[in-house]
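K.L.:
sequence first, then the predicted structure:
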Amino acid sequence: MISLKSKHEIDIMKKAGEIVALALERIKEAVKPGITTLELDRIAEEVICKSGAIPSFKGYKGFPGAIDFPATICASINNEVVHGIPGLEMLKDGDIISVDIGACYNGFHGDAARTFAVGQISEKAALLIKATEESFYKGIEKAIVGNRIVDISAAVEEHIKQYGFSVVREYVGHGIGREMHESPQIPNYRTRERGPRLEAGMTIAVEPMINEGTYNVRLLKNKWTVVTADGSLSAHYENTIAVTEGTPEILTKLS
């Protein structure tokens, strides 16, 4: 069942989104060769907690047999697609890192992700990051009342095709609100299922995950971290948005 949010509820989600955006901004400032992903995690947790929110990801239950997620951020380096667990690994010049953050404020969640360059990166890596961000914006152009989920999905995929990159299929965007993951699912590629019609008050997380090579992925033994099957780079760009009577509103941004 899809939950439509009131203006008051969306206003609360905006506050959650601002906290997520601030945490991502602080991480962007901190990303450099030599810093560990655990240090980035501590930065995000401090921002979230000092803002009166709770980290959405910490303690989140995953696949059967997996530990509850142990950190505030997902930190995915180079060929890691999503759900990388922060640790003592230091970032190196030329790496790219995808950071996904969720925060819960007054019972509502915000969720966003960015991919950052570490020092000087290759032209191909820079293009991958750029294309991934562009595809998000192409997708939400279609997030208008009366369209269907597939219209968002197709717009993302069509934009990525021109670059020769591939769209991850096993992991998708999602509805969001009182729960981190709500209905509906938001694929980043055209599916046979058209999905529900978009209505004002829907709040969704649109999150293209784009691979330099094949779209195939595999899950590591920790049952969290997803990597590209061919070892190629992957980038991630996400925002929480609200469908309105006009243009969609990005909730995970600084006011």
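P.N.:
Cool, got the structure. No experiment lies behind these values; they were computed from the predicted model shown.
K.L.:
how many neighbours does the closest residue to V226 other than its chain neighbours have?
P.N.:
Distances taken as C-beta to C-beta, 6 or more residues apart in numbering put V81 closest to V226, at 4.4 Å, once the chain neighbours are dropped. (Each C-beta comes from the backbone N, C-alpha and C, glycine too.) Number of residues near V81 (other C-beta atoms under 10 Å) recorded here: 26.
K.L.:
likewise the one 5 residues further on?
P.N.:
Neighbourhood size, P86 [other C-beta under 10 Å]: 21.
K.L.:
please report how far I250 lies from L127.
P.N.:
23 Å (C-beta to C-beta, to the nearest Å).
K.L.:
the more surrounded of the two?
P.N.:
A direct count of neighbours by other C-beta under 10 Å for I250 and L127 places I250 higher, at 18 against 15.
K.L.:
now the strands for the stretch 1-150 of the chain?
P.N.:
54-55, 73-77, 80-82, 96-105, 108-117 (DSSP state E, counting those that start in this stretch).
K.L.:
give the pairing partners of the first one; include direction for each.
P.N.:
Partner strands and pairing direction for strand 54-55 (DSSP bridges) are strand 96-105 (antiparallel).
K.L.:
and stretch 32-41, what's its mean pLDDT?
P.N.:
Stretch 32-41 carries an average pLDDT of 98.
K.L.:
for stretch 214-229, that is, sorry about that
P.N.:
Computed over stretch 214-229, the average pLDDT equals 97.
K.L.:
how about it as PDB, C-alpha atoms only?
P.N.:
Once non-C-alpha atoms are left out, stretch 214-229 reads as follows in PDB (Å, rounded to 0.1, in the frame of the first residue of the first chain):
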ATOM      1  CA  THR A 214      28.100  -4.900 -17.000                       C
ATOM      2  CA  TYR A 215      25.000  -4.400 -14.800                       C
ATOM      3  CA  ASN A 216      25.600  -7.800 -13.100                       C
ATOM      4  CA  VAL A 217      26.500  -7.600  -9.400                       C
ATOM      5  CA  ARG A 218      27.300 -10.000  -6.600                       C
ATOM      6  CA  LEU A 219      26.900 -10.000  -2.800                       C
ATOM      7  CA  LEU A 220      30.000 -10.300  -0.600                       C
ATOM      8  CA  LYS A 221      30.200 -12.800   2.300                       C
ATOM      9  CA  ASN A 222      29.200 -10.100   4.800                       C
ATOM     10  CA  LYS A 223      25.800 -10.300   3.200                       C
ATOM     11  CA  TRP A 224      25.600  -6.500   2.900                       C
ATOM     12  CA  THR A 225      28.200  -5.200   0.400                       C
ATOM     13  CA  VAL A 226      27.200  -5.400  -3.300                       C
ATOM     14  CA  VAL A 227      30.000  -5.300  -5.900                       C
ATOM     15  CA  THR A 228      30.100  -5.200  -9.700                       C
ATOM     16  CA  ALA A 229      30.500  -8.700 -11.100                       C
END
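K.L.:
what's the spacing between V217 and V81?
P.N.:
5 Å.
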